[in-house]
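Asks: This is the structure alone, sequence omitted:
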Ligand code: IFM
């Protein structure tokens with residue numbers, strides 16, 4: 001199927017800004033999104049929104065340490081204050097509910113809820129109890145991620161994800177959280193995007209803790225996946241009614257030419273981005289092609305680890321943002337060949353909705369035990385400004401509409417997709433890019449903490465109201 005992304009955006013943008021199109025977002029009548037049990041929500045993560053890094057006994061995380069190092073984060077930004085959500089959570093929940101969003105995906109800050117000896121930190125735990133109870137009172141479906149990258153610094157000081165023991169400490173943390181929060185969580189995700197934790201954190205140093213070694217990356221990945229596998233039975237025992245899963249970011253790689261070498265490069269790109277995580281989870285083994293790309297980097301795997309990692313899941317969370325066009329690097333790997341004249345976001349990422357559909361339908365072919373899927377993140381950054389109290393985020397409206405159409409196409413091709421979370425509820429700390437990149441459907445003025453609902457959020461709300469009225 002052809003990618004008509006830029007053409008559609010060009011057609012829509014002038015009309016949207018003049019307000020002359022009735023509704024540039026609402027899906028067509030035959031879209032699966034009209035099914036009332038297709039969950040539509042928004043997502044955030046603890047370090048990106050909470051702030052309050054020194055309050056109520058929270059310990060330092062690897063991101064506090066990393067962002068304090070000059071040059072690691074754009075403009076020297078840190079998550080010290082972020083969206084001040086730790087203090088403004090009640091208003092934020094009101095805002096979420098007022099938008100009619102049916103689901104909220106949040107993460108727990110591990111260093112907020114446990115001390116260095118593994119004992120509970122009551123004040124931190126109570127914060128999440130209050131938050132989750134309020135969400136449930138509002139009738140919002142809760143997806144809770146245990147690890148969205150804010151590893152306690154004291155664990156990093158003992159080797160972090162390079163130390164097998166961290167996986168066992170994670171299982172202890174999952175045990176504590178699921179005992180404390182059972183009944184308020186509809187779905188637990190163990191990890192968010194282990195690719196980013198392992199590769200960006202230990203393989204190329206772009207993220208905390210900032211190490212750069214391929215062998216570190218594969219070992220960190222193994223311990224992350226082991227942590228996931230150890231946590232799942234603990235979550236099942238403590239909170240049987242909830243769903244258990246994991247969230248993976250996936251990347252589309254396309255070949256720059258028809259040559260066998262470039263086709264192979266695109267395959268290796270997807271092995272490195274997708275199969276590296278999905279094969280161990282769904283097939284119980286690492287893809288051997290990964291070690292063609294990175295010779296000699298096989299992780300140390302102990303007996304029984306792969307069985308632990310590949311235990312059945314209730315759902316798989318998928319985060320999708322863009323595609324990468326690649327060519328052979330002339331040796332074992334691939335190199336990026338950015339395409340000219342394609343639509344891009346503030347991140348420089350290509351807008352390529354077809355990639356989401358193609359990956360999802362491909363996974364259905366590859367993995368016969370593919371669990372039900374939630375799109376746990378999708379969205380884009382744009383340089384949004386408030387003008388006369390309004391934010392007209394035209395490109396985002398078009399982006400979301402086209403990606404939701406891709407989800408609908410995948411559903412119609414037989415993929416079991418049960419919901420979609422916008423990334424993100426509000427602008428926030430975008431890791432190494434600090435506060436410059438705005439992913440929210442709600443604008444945040446960081447000097448006043450004022451929230452302004454963007455046009456995209458208004459249109460999502462309108463759609464949800466219409467869908468409710470029809471039900
Ligand atoms: O902001 C991040 C999020 O924390 C993880 N997934 C990708 C988003 C955009 O980069």
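Replies: Right, received. Where do you want to start? Just so it is clear, the structure is predicted and the values come from calculations on it, not from any experiment. Numbers count the residues shown, from 1 in each chain.
Asks: Going by C-alpha atoms from here, please, whenever you check contacts or count neighbours.
Replies: Noted.
Asks: Strands along the stretch 251-400 of the chain, start to end?
Replies: For the stretch 251-400 of the chain, the strands defined by DSSP state E, counting those that start in this stretch cover 315-328, 334-336, 373-378.
Asks: mind listing what the shortest one pairs with, with the direction of each?
Replies: Think strand 334-336. Paired with strand 334-336 in the same sheet, following DSSP bridges, are strand 315-328 (antiparallel).
Asks: Please name the nearest non-neighbouring residue to residue 353.
Replies: residue 403 (5.0 Å; C-alpha to C-alpha, 6 or more residues apart in numbering).
Asks: Okay, buried residues for the helix or strand hosting the one you found please.
Replies: Take DSSP states H and E as the rule and residue 403 turns out to sit in helix 394-412. For helix 394-412, a neighbour-count test (16 or more other C-alpha atoms under 10 Å) marks 394-411 as buried.
Asks: would you list the strands of the stretch 251-400 of the chain in JSON lines and tack on mean pLDDT?
Replies: Formatted as JSON lines, these follow (pLDDT from 0 to 100):
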{"stretch": "strand 315-328", "mean pLDDT": "98"}
{"stretch": "strand 334-336", "mean pLDDT": "98"}
{"stretch": "strand 373-378", "mean pLDDT": "99"}
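Asks: Nearest to residue 31, out of the ones you listed?
Replies: strand 373-378 (16.1 Å; C-alpha to C-alpha).
Asks: Mind listing residues that contact that closest one?
Replies: For strand 373-378, the surrounding residues in contact (C-alpha atoms under 8 Å, 6 or more residues apart in numbering) are 42-43, 105, 247, 315-321, 400, 403, 415-424.
Asks: what about stretch 44-56, how long is it end to end?
Replies: Distance between the two ends of stretch 44-56: 21 Å, counting by C-alpha to C-alpha, to the nearest Å.
Asks: ok now that stretch, how far from the chain's centre?
Replies: On the basis of C-alpha atoms, centre = their mean, to the nearest Å, stretch 44-56 sits 17 Å off its chain's mean C-alpha point.
Asks: do stretch 378-391 as well
Replies: On C-alpha atoms, centre = their mean, the centre of stretch 378-391 falls 20 Å from that of its chain.
Asks: Give me the buried positions along that stretch.
Replies: 378-382, 384-385, 391.
Asks: ditto for stretch 432-452
Replies: Across stretch 432-452, burial judged by 16+ other C-alpha under 10 Å covers 432-444, 451-452.
Asks: any weak-confidence spans in the chain?
Replies: Applying pLDDT under 70 to the chain picks out residues 1-22.
Asks: circling back to that earlier point, looks like the residue nearest to residue 353 contacts residue 358 (just checking).
Replies: No - using C-alpha atoms under 8 Å as the test, residue 403 is too far from residue 358 to be in contact (11.8 Å).
Asks: so where do the helices sit in the stretch 351-471 of the chain?
Replies: For the stretch 351-471 of the chain, applying DSSP state H, counting those that start in this stretch gives helices covering 353-366, 394-412, 455-470.
Asks: list the helices and strands the longest one packs on?
Replies: Applying 3 or more C-alpha pairs under 8 Å, 6 or more residues apart in numbering; DSSP states H and E, we find helix 394-412 packed against helix 5-18, helix 353-366, helix 455-470.
Asks: what do you get for the first one?
Replies: Packed against helix 353-366 by the contact rule (3+ C-alpha pairs under 8 Å, 6+ apart) you find strand 243-255, strand 315-328, helix 394-412.
Asks: Now do the contacts for residue 380.
Replies: 321, 345-347, 396, 399, 423, 438-439.
Asks: Oops, could you answer that again for residue 307 instead?
Replies: Residue 307 sits next to residue 284 when contact means C-alpha under 8 Å, 6+ apart.
Asks: Please render the helices and strands packed on helix 353-366 as a markdown table that adds distance to residue 163 to the earlier fields.
Replies: Output for the helices and strands packed on helix 353-366, formatted as a markdown table (distance: least, C-alpha to C-alpha, whole Å):
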| stretch | distance to residue 163 |
| --- | --- |
| strand 243-255 | 21 |
| strand 315-328 | 26 |
| helix 394-412 | 38 |
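Asks: Which of those sits closest to residue 37?
Replies: Using C-alpha to C-alpha, those put helix 394-412 closest to residue 37, at 13.5 Å.
Asks: so the longest helix anywhere in the chain versus strand 243-255, what angle?
Replies: Assignment by DSSP state H gives helix 214-238 as the longest helix of the chain. Put simply, helix 214-238 runs at 150 degrees to strand 243-255, going by axes from the mean of the first three to the mean of the last three C-alpha atoms, to 10 degrees.
Asks: from the chain's centre, how far out does helix 214-238 sit?
Replies: 17 Å.
Asks: Tell me the helices and strands packed up against it.
Replies: Secondary elements touching helix 214-238 (3+ C-alpha pairs under 8 Å, 6+ apart): helix 165-181, strand 187-192, helix 194-195, strand 243-255, helix 305-309.
Asks: Would you format these as JSON lines with distance to residue 112 included?
Replies: Shown next, in JSON lines, are the helices and strands packed on helix 214-238 (distance: least, C-alpha to C-alpha, whole Å):
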{"stretch": "helix 165-181", "distance to residue 112": "11"}
{"stretch": "strand 187-192", "distance to residue 112": "17"}
{"stretch": "helix 194-195", "distance to residue 112": "21"}
{"stretch": "strand 243-255", "distance to residue 112": "21"}
{"stretch": "helix 305-309", "distance to residue 112": "27"}
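Asks: Any idea which of these gets closest to residue 24?
Replies: The nearest among those, by C-alpha to C-alpha, is strand 243-255 at 26.2 Å.
Asks: So which bits of that closest one are buried?
Replies: Neighbour counts over strand 243-255 (16+ other C-alpha under 10 Å) mark 243-255 as buried.
Asks: what's the answer for stretch 40-55, then?
Replies: 40-53.
Asks: again with stretch 449-469
Replies: 451-464.
Asks: Check what contacts that stretch and list those residues.
Replies: Contacts for stretch 449-469 (C-alpha under 8 Å, 6+ apart): 23, 25-26, 34, 36, 83-84, 99-101, 386, 389-394, 396-397, 441-445.
Asks: Same question for stretch 190-209.
Replies: 62-63, 66, 72, 145-149, 156, 161, 174, 210-218, 220-221, 224-225, 228, 231-232, 244-249, 273, 277, 319, 431-432.
Asks: again, 6 Å this time
Replies: 62-63, 66, 145-148, 210-214, 216-217, 220-221, 228, 246-249 (C-alpha atoms under 6 Å, 6 or more residues apart in numbering).
Asks: Show me just the buried residues among those.
Replies: For these, buried by 16+ other C-alpha under 10 Å: 62-63, 66, 145-148, 210-212, 214, 216-217, 220-221, 228, 246-249.
Asks: so can I have CSV of the buried residues of strand 243-255 showing distance to residue 203?
Replies: Shown next, in CSV, are these (distance: C-alpha to C-alpha, whole Å):
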residue, distance to residue 203
243, 31
244, 28
245, 25
246, 21
247, 20
248, 17
249, 16
250, 17
251, 17
252, 20
253, 19
254, 23
255, 24
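Asks: closest to residue 76 among the residues you listed?
Replies: Out of these, the member with the shortest distance to residue 76 (by C-alpha to C-alpha) is residue 249, at 26.2 Å.
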